[in-house]
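**Q** dropping a prediction and its sequence here:
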Amino acid sequence: MTNAMHYFRYAKPCDQDEIIRLVKENSRWFSHLSDNHFINKINNKECIYENGVLITFKILSNDFKLGTYVIKAGNTVLEQLIKNKEKSNSDLVKHVFIKFLNCVSGYVYLAVNTQNYRAINFYNNMNMEKVGKTKLDYKDDKSLFVEGYVYKSKKVITF
């Protein structure tokens, strides 16, 4: 974690219910994740909740498989990005996301369902590079997979 990461507002236990509600509102994309996933992210300081923007992430100390794509240690995986429509807008999402890109260790990688057109458009507009395709185990049944794209960040300096 870089020193710049200290400038984020990390989610706190008091945010837990609101975060779980946001995830349930977006269950089409996050139905495979349990409440405990987010509780653990909050407790491990891997959950930013700033200006109504939720970002969960993992800074990699070892190589990591994102579906069928391997990411080298020293980079960061963006796991979830969710906007609270009551507390945020598109400009705030972009601002928090750009800040995140510039503060994390290494590059940011993420996987997105090929059917999540809104997310794909967002990452394309944020100048992220599509570096591959992957298969994601997306439901409770680990034998079911969905197609996904893997994106990699470019460092961005503008705010």
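**A** Happy to help now that I have it.

**Q** need the helix or strand of this structure with the lowest average pLDDT.
**A** Of all helical and strand segments in the chain, the minimum by mean pLDDT, DSSP states H and E falls on helix 27-30, at a mean of 70.

**Q** buried residues of it, list them for me.
**A** By neighbour count, with 16 or more other C-beta atoms under 10 Å as the criterion, the buried positions of helix 27-30 are 29-30. Using the backbone N, CA and C atoms, a C-beta is placed for each residue, glycine as well.

**Q** one more: stretch 121-134?
**A** Neighbour-count burial for stretch 121-134, with 16+ other C-beta under 10 Å as criterion, is recorded at 122-123, 126, 128, 132, 134.

**Q** about what we covered before: who touches the least confident helix or strand of the chain?
**A** By C-beta atoms under 8 Å, 6 or more residues apart in numbering, the list of residues contacting helix 27-30 from outside reads 23, 80, 82, 113, 116, 119.

**Q** quick check: of the buried residues of stretch 121-134, which lies closest to residue 75?
**A** Proximity of the buried residues of stretch 121-134 to residue 75 (C-beta to C-beta) peaks at residue 128, which lies at 13.3 Å.

**Q** which of the buried residues of stretch 121-134 fall in strands?
**A** Members of those lying in strands (criterion: DSSP state E): 132, 134.

**Q** hey, C-alpha coordinates of the helix or strand that the least confident helix or strand of the chain is followed by in PDB?
**A** As assigned by DSSP states H and E, the chain's next helix or strand after helix 27-30 is helix 35-43. Written as PDB, here are the backbone C-alpha positions of helix 35-43 (Å, rounded to 0.1, in the frame of the first residue of the first chain):
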ATOM      1  CA  ASP A  35     -22.200 -10.400   3.400                       C
ATOM      2  CA  ASN A  36     -19.100 -11.800   5.100                       C
ATOM      3  CA  HIS A  37     -17.000 -11.000   2.000                       C
ATOM      4  CA  PHE A  38     -17.700  -7.300   2.600                       C
ATOM      5  CA  ILE A  39     -17.400  -7.500   6.300                       C
ATOM      6  CA  ASN A  40     -13.900  -9.000   5.800                       C
ATOM      7  CA  LYS A  41     -13.000  -6.300   3.300                       C
ATOM      8  CA  ILE A  42     -14.000  -3.600   5.800                       C
ATOM      9  CA  ASN A  43     -12.000  -5.300   8.600                       C
END
